[in-house]
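S.K.: sequence and predicted structure are below.
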Amino acid sequence: MIVRILGFAALAYLLGFVAFMLSLGSPLPAAHVTDAIVVPTGGPGRIDRGIALLQARAAKRMLVSGVAPAVRPIELAVTYSASPALFACCIDLGQEAFDTRSNGDETALWVSEHGYRSVRLVTSDWHMARARLELTNALGPDVEVVADPVPTNARLETLISEYSKLIVRRVALLLGYRG
């Protein structure tokens, strides 16, 4: 009996992992407009993509969530070859978040302060499912979250780890654990 249960659990995990891999997605066209763009720090191409979308007028404003407290807007402007004026007018640095869950909380506060109704989430393709889960959970049903994954060549270990974290977080939320 235990062998069957373990076998079923392993099969469910593998099938879920295949579904996870098939759902990684591709970037949206810049023509898809939202009120705001949110970019959690942590992976290459994320901030570049967010800045390009902002310059293409795909949104009014952008939050970069999880920025180290010592980082200043001018430093990011130089690093990403963007106009300091763009940072001054349209890019906010969130410096409170330290993980995916707190990115969601930091973003929810920022979205509420600005009264936005739609958000384009820009993060690595392998991170999108969990980041979107956290953001949707933090924002609630009144704000649309649009996924705009940045393609990567993630290692198998990264994909397995991320999928496992996603399962754990989904179960925790189903059981009512928010924190």
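M.R.: Thanks, I have it. Residues are numbered from 1 along each chain as shown.

S.K.: and the closest residue to A88 other than its chain neighbours, how far is that from F98?
M.R.: Distances taken as C-beta to C-beta, 6 or more residues apart in numbering put P73 closest to A88, at 7.0 Å, once the chain neighbours are dropped. C-beta here means a position set from N, CA and C on the backbone, and glycine is covered the same way. Distance of P73 to F98, computed by C-beta to C-beta, to the nearest Å: 20 Å.

S.K.: compare those two (neighbour count), which wins?
M.R.: Each of P73 and F98 has its neighbours counted (other C-beta atoms under 10 Å); P73 has more, 17 against 11.

S.K.: quick check: V67 vs L86, distance?
M.R.: As judged by C-beta to C-beta, V67 and L86 stand 16 Å apart.

S.K.: ditto for I51
M.R.: Using C-beta to C-beta, I51 is found at 7 Å from L86.

S.K.: if you count what's nearby, which of these two comes out ahead?
M.R.: Between I51 and L86, counted using other C-beta under 10 Å, the more crowded position is I51 (25 against 16).

S.K.: tell me the pLDDT of that one.
M.R.: Looking at I51, its pLDDT stands at 97.

S.K.: doesn't S83 make contact with it?
M.R.: No. Taking C-beta atoms under 8 Å as the definition, I51 is not a contact partner of S83, at 9.4 Å.

S.K.: which parts of this protein are helices?
M.R.: 2-22, 46-55, 73-79, 84-90, 100-114, 128-139, 156-174 (DSSP state H).

S.K.: starting at the chain centroid, how far to the fourth one?
M.R.: Relative to the centre of its chain, helix 84-90 is centred 22 Å away, using C-alpha atoms, centre = their mean, to the nearest Å.

S.K.: and if you look at stretch 25-44?
M.R.: So, by C-alpha atoms, centre = their mean, the centroid of stretch 25-44 is 9 Å from its chain's centroid.

S.K.: tell me how far the ends of it are from each other?
M.R.: This stretch, stretch 25-44, spans 17 Å end to end (C-alpha to C-alpha, to the nearest Å).

S.K.: give me the buried positions along it.
M.R.: Within stretch 25-44, the residues scored as buried using 16 or more other C-beta atoms under 10 Å are 27-28, 30, 34-41, 43.

S.K.: quick one on the thing from earlier: need the helices of the chain in JSON lines with distance to L63, can you?
M.R.: Formatted as JSON lines, the helices of the chain follow (distance: least, C-beta to C-beta, whole Å):
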{"stretch": "helix 2-22", "distance to L63": "26"}
{"stretch": "helix 46-55", "distance to L63": "9"}
{"stretch": "helix 73-79", "distance to L63": "12"}
{"stretch": "helix 84-90", "distance to L63": "10"}
{"stretch": "helix 100-114", "distance to L63": "5"}
{"stretch": "helix 128-139", "distance to L63": "11"}
{"stretch": "helix 156-174", "distance to L63": "21"}
